[in-house]
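Undergrad: Sequence and predicted structure, then a few things I'm wondering about:
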Amino acid sequence: MKLHFCFHRPTRIYGSLLAVLATLFLPRVEAASAVAMQISRQTNGSIYVEARGPAGMVYSLQVSNRLMGWRTLDFVHSPSGQAAFRANAAASTEGSHAYRVRLESTNTTVTVTDYHGWTNSILLRNPQVEVVIVPAVGRIMQLRFLDQADGPFWENTGLQGTQPAANSWDTPGSFGGDKAWPSPQTWPWPPPRGFDSMTYTASLTNGVVTMTGPVDATFGTRVVRRISLHPTEPISRVTTTFEKVSGDASQIGVWVITQLKEAERVFLPVPNHSIFPKGYTALGDVPAGLFVSNGLVVLSRDPKAATKIGNDAGALLWVGTNNSLLIESSRRPGAAEAGYPDHGCSAEVYTNPNPTPYLELELLAPLRNLDAGNTAEAVSVYSLFRRTQPTALDEANKILSP
């Protein structure tokens, strides 16, 4: 692999081109020419990085504030040798940060299998984790370490192996897993079937699995999800695209919903200059015991009531007993409050009451007016961690402050 470093101090705006300060070759060196990097700070404080180098590699953007404990923020498979990243800066906003781009060869395996009765399910696997993809129900059903029997995604065992139907939502939570809906939620319940509760098709290109849904009759739009797994790290990347195929122009946004098991705590980072004075807004009942601490909204599932809150962050963190899951999707720089649904929310958490104990971590992209032939897109990055800290708050501070 080859690493290239750029330093950035978030409290200042740097020029678009920073000098490459060092080049470091580590074990498993790839024969590659130098990588050219450009880095700039956006008006909302996010970092935009462009990299150009050898084709056919996996490009990873990493961040650190002490030149140690590097964390991968995003990665792309680049057949062309070009990659662009927007760093959400869910990590600490204080002090200096170093960013680097790492190159690696693709190192994932793909297996077609029967998963809990769903044939033609797909496993993406690297040396640490696997992603379970179930086209039969249009879901990413699990992300888990190879030495663990299960992962953080909630799966409805009562619907395993069944085919999607209009009454799938008669069971609370439906199938579980990770899916995409259209925002804003002005449509009548249940969710539009072309987005949920229908079978998708799947294909594989350059280590990336593409799931494609049918054209939804209400919106004239299909969902396309491109799912990849990092070559060596427990990180998955999902690009969700809404393709407008037919019908009148309509306002729509990509809404990615990950259903998760009971957490010890869930955390929403509060952005600097948040549009919400309390750091969040109520979108229903507020979970009992919710509090805000050191720039984080902290909550757990309320067993007695359905609850929902949101804010203008680009990340959500689930902390369980043994593992933690960070989901990130950068908020569009400079987007006005009206550009997002639910009073300007880009991150939301729903908790379901007993007897069906699950949570939903939801990330929302800007709203767009789509004409036939146009698309809307969002990128989500899922980072799985083994828990190392004694308290959930300690774990959150460690993960969000590399």
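TA: Nice, thanks for sending it over.
Undergrad: and the next element down the chain from the helix or strand bottoming out on mean pLDDT in the chain?
TA: The weakest-scoring helix or strand in the chain, judged by mean pLDDT, DSSP states H and E, is strand 23-25 (a mean of 26). Per DSSP states H and E, the first helix or strand lying C-terminal to strand 23-25 is strand 36-41.
Undergrad: Of all the residues in that next one, which ones are buried?
TA: By 16 or more other C-beta atoms under 10 Å, the buried positions in strand 36-41 come out as 37, 39, 40, 41. Any C-beta I mention is one placed from the backbone N, CA and C, and that applies to glycine too.
Undergrad: next one: stretch 192-209
TA: Buried residues in stretch 192-209, counted by 16+ other C-beta under 10 Å: 192, 193, 194, 195, 196, 197, 198, 200, 202, 207, 208, 209.
Undergrad: Let's have those residues in CSV, adding distance to residue 48, pLDDT and secondary structure.
TA: Shown next, in CSV, are these (distance: C-beta to C-beta, whole Å; pLDDT from 0 to 100; DSSP: H, G, I helix; E, B strand; the rest coil):
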residue, distance to residue 48, pLDDT, secondary structure
192, 33, 95, coil
193, 37, 95, coil
194, 33, 95, coil
195, 30, 96, coil
196, 33, 94, coil
197, 37, 89, coil
198, 36, 95, coil
200, 32, 98, coil
202, 32, 98, strand
207, 25, 86, coil
208, 23, 93, strand
209, 27, 97, strand
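Undergrad: List just the nearest of those residues to residue 288.
TA: Using C-beta to C-beta, residue 196 is the member of the buried residues of stretch 192-209 that sits closest to residue 288, with 29.3 Å.
Undergrad: Wait, that closest one touches residue 179, no?
TA: Yes. Between residue 196 and residue 179 there is a contact under C-beta atoms under 8 Å: 5.9 Å.
Undergrad: shared neighbours, those two?
TA: Shared contacts of residue 196 and residue 179, defined by C-beta atoms under 8 Å, 6 or more residues apart in numbering, are found at residue 138.
Undergrad: So which other helices or strands are in contact with the helix or strand harbouring residue 98?
TA: If you go by DSSP H and E, residue 98 is part of strand 97-104. If contacts are counted by 3 or more C-beta pairs under 8 Å, 6 or more residues apart in numbering; DSSP states H and E, strand 97-104 sits against strand 2-8, strand 47-52, strand 57-64.
Undergrad: How far does that strand sit from its chain's centre?
TA: Distance of strand 97-104 from the chain centroid (C-alpha atoms, centre = their mean, to the nearest Å) equals 20 Å.
Undergrad: now the angle between strand 47-52 and that strand, please.
TA: Here strand 97-104 runs at an angle of 30 degrees relative to strand 47-52 (axes from the mean of the first three to the mean of the last three C-alpha atoms, to 10 degrees).
Undergrad: Name the surrounding residues that touch the following helix or strand past strand 97-104.
TA: Counting by DSSP H and E, the element after strand 97-104 in chain order, helix or strand, is strand 109-115. Applying C-beta under 8 Å, 6+ apart, the set of residues contacting strand 109-115 from outside is 120-126, 132, 134, 141, 204, 207, 209.
Undergrad: Give me the buried positions along strand 109-115.
TA: By 16+ other C-beta under 10 Å, the buried positions in strand 109-115 come out as residue 115.
Undergrad: Residue 183 touches residue 341, doesn't it?
TA: Yes. Using C-beta under 8 Å, residue 183 is in contact with residue 341, at 4.4 Å.
Undergrad: shared neighbours of the two, anything?
TA: Common contacts of residue 183 and residue 341 (C-beta under 8 Å, 6+ apart): 253, 255, 364, 367.
Undergrad: For residue 353, state which of those residues is nearest.
TA: The closest of the shared contacts of residue 183 and residue 341 to residue 353 turns out to be residue 255 (C-beta to C-beta; 22.0 Å).
Undergrad: No further questions, thank you.
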